[in-house]
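Undergrad: pasted the sequence and its predicted model underneath.
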Amino acid sequence: MRDDERLRARLGERLREAGCLCTAPWRAAVEAVPRHEFLRGGFFEQLPGTLPTAWRPVLPDGGGRWLERCYADESLVTQVAGTVVPGDIRGEIMRAPTSSSTMPSLVVRMLEELRVEDGHRVLEIGTGTGYSTALLCHRLGDGSVVSVEVDREVSGRAAAPLGACGYQPELVVGDGLAGHRDGAPYDRVIATCGVLTMPGSWIDQTKPGGIVLATVGGWLYASELARLSVHGDGTASGRFLGGQISFMLARPHLPPPLGLLPDLGSGEERRTTLGPNLLTGDWTARFVAQLAVPRAQHISMTIEGRTQQILIDVEAGAWAVLTEADGGWTVRQGGPVRLWDAVEAQVARWRADGAPALDRFEITVTPDEGQVIRWPGGRRSRG
């Protein structure tokens with residue numbers, strides 16, 4: 001048995017033991033598709049202790065380190081800054097990741113959650129390296145898979161290993177948020193990018209009874225995997241599946257630049273009982289807060305020796321800054337809306353309803369209301 005075959009078999013066994021690889025067809029796909037072929041261009045690894053984060057390339061080598069890493073259960077960054085790939089760099093780079101090969105356990109969990117059956121046609125949003133596309137092709141056949149990628153170069157790099165592995169899905173370069181109407185309707189839609197709100201085009205292009213699977217989140221970077229069933233009236237509904245799953249946001253859903261900060265010494269100040277650990281700690285509480293201020297971004301700054309936690313809604317021109325004072329916290333707010341007031345009220349309602357976990361939340365998408373997220377006893381609309 002070759003090294004890569006041994007590594008694939010070992011990966012399949014680890015994923016089975018972890019409980020994310022549950023059915024024989026998907027295990028066969030994992031053991032058949034060589035992930036390393038989709039990482040021939042190398043990947044970036046994070047340099048520990050760097051701020052902002054620095055990345056250095058890991059390229060194919062003769063010592064096996066690269067091959068072993070290809071079959072580790074980890075996400076591997078394959079592009080930064082929108083265009084830079086590992087082969088472009090000697091040394092390190094401090095730029096944000098823009099494309100990656102998702103960790104295999106998450107890939108197969110999502111494919112299992114998609115509940116495909118023989119004969120289903122699938123629209124994949126985000127081709128990336130092409131690894132998950134290849135798994136879909138192995139399970140359903142090339143003619144049943146359409147994959148949309150916004151980045152032409154990323155799509156082109158995926159086409160080569162797909163072809164080398166014997167897979168010929170339909171690869172489309174375009175805005176994945178618009179789906180691919182020419183191939184509709186589909187039985188399943190799966191997205192490997194995060195969205196703020198579920199695009200109506202995905203619902204429209206899915207057959208009644210079909211499933212749309214994607215992560216929904218926001219600019220406070222708490223997100224969850226949602227599985228929606230599409231109904232005959234053009235609406236869709238479902239639940240979050242839990243697990244604190246996150247993906248890079250679709251590029252049109254990325255937050256705007258912060259620009260110049262407002263005068264944080266202006267506005268109105270008061271005491272608050274809700275500390276900023278809400279923004280950095282409890283994932284579910286942060287998701288709930290995010291529902292209240294879906295266009296707000298969070299940054300930390302140290303001013304005059306004191307760390308301040310800041311929320312800014314660039315479009316609304318609103319802000320809130322939390323500062324530690326006398327063993328508690330104060331909040332100072334400015335702009336046309338009071339961001340922290342909205343967060344406090346939303347979190348209070350969620351806690352009054354028993355602080356339900358995210359896998360008890362429901363999500364619906366309708367032509368009239370757009371996206372609505374509810375927890376038991378509560379309601380919050382976004383979109």
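TA: Sure thing, it's come through.

Undergrad: I'd guessed Gly242 sits against Asp359; true?
TA: Yes - shown here, Gly242 and Asp359 form a contact pair, counting by CB atoms under 8 Å, at 3.7 Å. For glycine as for every other residue, the C-beta is placed from the backbone atoms N, C-alpha and C.

Undergrad: can you tell me which residues contact Tyr71?
TA: Residues in contact with Tyr71 (CB atoms under 8 Å, 6 or more residues apart in numbering) are Asp4, Leu7, Arg8, Arg10, Leu11, Arg35, His36, Pro104.

Undergrad: quick check: longest helix in the protein by residues?
TA: For the chain, the helix with the greatest residue count under DSSP state H is helix 3-18.

Undergrad: who's in contact with it?
TA: Helix 3-18 is contacted from outside by 1, 21-22, 27, 30-36, 64, 67-68, 70-71, 73, 104-105, 108, using CB under 8 Å, 6+ apart.

Undergrad: check stretch 150-161 too.
TA: 37-38, 40-41, 79, 82-83, 85, 98-99, 127-130, 133-134, 147, 149, 171-176, 250-251.

Undergrad: one more: stretch 266-284?
TA: Outside stretch 266-284, the residues that touch it by CB under 8 Å, 6+ apart are 220, 222, 244, 285-286, 289, 298, 309, 311, 319, 322, 328-335, 340, 343-344, 347, 355, 357-358.

Undergrad: make a PyMOL selection of the buried ones in those residues.
TA: Those of these that meet the burial criterion (16 or more other CB atoms under 10 Å) are gathered into one PyMOL selection, given here:
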select buried, resi 220+222+285+286+289+298+309+311+319+322+329+331+332+333+334+335+340+343+344+347+358
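
Undergrad: give me phi/psi at the residue nearest the centre of the chain?
TA: When CA atoms, centre = their mean is applied to the chain, the residue found nearest the centroid is Phe247 (1.9 Å). For Phe247, the backbone dihedrals (degrees, to the nearest 10) come out as phi -130, psi 160.

Undergrad: can you pull the contacts of it?
TA: Shown here is Phe247, whose contacts under the criterion CB under 8 Å, 6+ apart are Thr102, Ala191, Thr192, Cys193, Gly194, Thr215, Ser223.

Undergrad: from the residues you listed, which land in strands?
TA: When DSSP state E defines the strands, the subset of the contacts of Phe247 inside them is Ala191, Thr192, Cys193, Gly194, Thr215.

Undergrad: just the helices in the stretch 201-350 of the chain please.
TA: Listed from the start of the chain, the stretch 201-350 of the chain has helices (DSSP state H, counting those that start in this stretch) covering 277-280, 283-292, 339-352.

Undergrad: near Thr302, how many other residues are there?
TA: Residues within reach of Thr302, counting by other CB atoms under 10 Å, total 8.

Undergrad: just checking, it touches Ile310?
TA: No - counting by CB under 8 Å, no contact exists between Thr302 and Ile310, whose distance comes to 11.4 Å.

Undergrad: quick one: the strands in the stretch 1-150 of the chain?
TA: When assigned using DSSP state E, counting those that start in this stretch, the strands of the stretch 1-150 of the chain occupy the ranges 43-46, 55-58, 76-80, 97-101, 122-125, 145-149.

Undergrad: out of those, nearest to Asp204?
TA: Nearest to Asp204, of all the strands of the stretch 1-150 of the chain, is strand 122-125, at 11.6 Å by CB to CB.

Undergrad: now Arg90: how far from Pro48?
TA: From Arg90 across to Pro48, the span is 20 Å (CB to CB, to the nearest Å).

Undergrad: these two touch, right, Val365 and Ala236?
TA: Yes - here Val365 lies in contact with Ala236, judged by CB under 8 Å, at a distance of 4.8 Å.

Undergrad: shared neighbours of the two, anything?
TA: Overlap of the contact sets of Val365 and Ala236 (by CB under 8 Å, 6+ apart) consists of Met198, Ile203, Leu228.

Undergrad: now render these as a markdown table, adding distance to Pro57 and pLDDT.
TA: Below are those laid out as a markdown table (distance: CB to CB, whole Å; pLDDT from 0 to 100):
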| residue | distance to Pro57 | pLDDT |
| --- | --- | --- |
| Met198 | 35 | 96 |
| Ile203 | 40 | 97 |
| Leu228 | 38 | 98 |
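
Undergrad: this completes my enquiry, with thanks.
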